[in-house]
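K.L.:
Next input, structure requested:
(one chain, ligands or ions: 1)
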Amino acid sequence: MSYEDIRYEIDGPAAVIAIDRPERYNAFRGRTVEELIKAFRAAWADPQVQAVILTATGEKAFCTGGDVKQRAETGDYGPTESGMFEIGNLHKLIRDIPKPVIAAVNGIAVGGGHVLHVLCDVSIASETARFGQAGPKVGSFDAGFGTAYLARVVGEKKAREIWFWCRQYDATEAERMGLVNAVVPAAELRKTALEWAREVAEKSPTAIRFCKQSFNADTDHQAGLSNLAMSALDLFTASPEGLEGAIAFAEKRKPDFAQHVNWH
Ligand SMILES: CC(C)(COP(=O)(O)OP(=O)(O)OC[C@H]1O[C@@H](n2cnc3c(N)ncnc32)[C@H](O)[C@@H]1OP(=O)(O)O)[C@@H](O)C(=O)NCCC(=O)NCCSC(=O)c1cc(O)c2ccccc2c1O
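P.N.:
Got it, this is the predicted structure:
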């Protein structure tokens, strides 16, 4: 399978999936999401693969969510083979693949990119990583799992702070709030993620599968919430208020949301 926006390789018992758009801080467009889905499905089907590592190329960014420049240009996240923007299906796949998914967060994880690492089973961060949500700054919101599951991870108060204030948190703060499992020097990130993959690969795959499905069962109702949020997002990101956020980002200016205040 050939990929343009990601890299896929097998390293020992692990499939390493890396988002490869460093010039856009590894933001995803529709094609990126489609390729990630293909890669996760390939990893699911491959009996040699006992764990998946999700990471990205370069030292700056893990993933900065939706490609805001693309959205400012075309009003959407660009063309795909299927004709659909399947981010909701990618979220479900990361949860449903019956193998542990390890996020190796090599840089900034923001917006929809932050949601991706939150959905992974465990997250290992480089000391240089930064974390946060950005939707309300750019006229978007990656709700569903992005809000409800985050609240399960860090608690309601912290999740609301993260979403409403759109601040950034360094790796030490992320570890303190239970958002990541370990923090390592940048140069040791891939080695550490592979060590975790090798260690978990020695365990019973069937026990792991049942454990993962059992953890998921408790929050699977959030998939319905995610469907609803994605439908709402389709409408909101194409609205004048949504577009103002994306266009302001592309024009490197502060968005003017004041004209859209409407509490009725
Ligand atoms: C991530 C930053 C905080 C980094 O700031 P910093 O100052 O370190 O770096 P720069 O701002 O100079 O960025 C360097 C370079 O990268 C480009 N870039 C960064 N992020 C993106 C991006 N998301 N899309 C496109 N390009 C990006 C940036 O323009 C610079 O390029 P130059 O050519 O100018 O050098 C900061 O960059 C930042 O705040 N980025 C935006 C983060 C963001 O708003 N992300 C999108 C949130 S919305 C979202 O993720 C989303 C998710 C979904 O699942 C959806 C589902 C359905 C519909 C919509 C969805 C959706 O919108």
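K.L.:
Which residue ranges of this structure form strands?
P.N.:
Here the chain has its strands, by DSSP state E, at 6-11, 14-19, 51-56, 61-63, 101-105, 108-110, 122-126, 130-132, 169-170, 182-184.
K.L.:
Low-confidence ranges, this structure, go.
P.N.:
The model of the chain has no residue with pLDDT under 70.
K.L.:
contacting residues around stretch 159-172?
P.N.:
Contacting residues not belonging to stretch 159-172 are listed as 105, 108, 110, 125-137, 141, 147, 150-151, 153-154, 177, 179-180, 183 [Cβ atoms under 8 Å, 6 or more residues apart in numbering]. All C-beta spots, glycine's among them, are computed from the backbone N, C-alpha and C.
K.L.:
near the ligand, which residues of the protein show up?
P.N.:
24-25, 27, 64-69, 87, 108, 110-112, 134-135, 138, 140, 142, 230, 233, 237, 249 (Cβ under 6 Å from any ligand atom).
K.L.:
which of those residues count as buried?
P.N.:
Buried subset of the residues of the chain next to the ligand (neighbour count, 16 or more other Cβ atoms under 10 Å): 24-25, 27, 64-68, 87, 108, 110-112, 134-135, 138, 140, 142, 230, 233, 237, 249.
K.L.:
The residues you listed in helices, which ones?
P.N.:
Counted as lying in helices by DSSP state H, out of these, are Val68, Ile87, Gly112, Gly135, Val138, Met230, Leu233, Thr237, Phe249.
K.L.:
Test my guess that Arg41 contacts Ile94.
P.N.:
No. Counting by Cβ atoms under 8 Å, Arg41 sits too far from Ile94 to count as a contact (11.5 Å).
K.L.:
Those two: which is more packed in?
P.N.:
Set side by side, Arg41 and Ile94 show more neighbours around Ile94, with 23 against 13, by other Cβ atoms under 10 Å.
K.L.:
got the contact list for Glu59?
P.N.:
Going by Cβ under 8 Å, 6+ apart, Glu59 touches Asn106, Gly107, Thr128, Ala186.
K.L.:
Excluding sequence neighbours, find me the nearest residue to the residue sitting nearest the centre point of the chain.
P.N.:
Closest residue to the average C-alpha location of the chain: Leu116 at 1.7 Å, with Cα atoms, centre = their mean. The spatially closest residue to Leu116, leaving aside those adjacent along the chain, is Cys63, at 5.8 Å (Cβ to Cβ, 6 or more residues apart in numbering).
K.L.:
Could you tell me how many residues sit around the one you found?
P.N.:
31.
K.L.:
Over to stretch 135-151 now: how far is its first residue from its last?
P.N.:
From its first residue to its last, stretch 135-151 covers 16 Å (Cα to Cα, to the nearest Å).
K.L.:
Which positions within that stretch qualify as buried?
P.N.:
Applying a neighbour-count criterion of 16+ other Cβ under 10 Å, one finds 135, 137-151 buried in stretch 135-151.
K.L.:
from the chain's centre, how far out does that stretch sit?
P.N.:
Relative to the centre of its chain, stretch 135-151 is centred 11 Å away, using Cα atoms, centre = their mean, to the nearest Å.
K.L.:
contacts for stretch 140-158?
P.N.:
Residues outside stretch 140-158 that contact it (Cβ under 8 Å, 6+ apart): 65-66, 87-88, 91, 95, 111-112, 114-115, 118-119, 133-135, 159-160, 162-163, 177-179, 219, 222-223, 225-230, 232-233, 236-237, 242, 245-246.
K.L.:
I appreciate the help and will end here.
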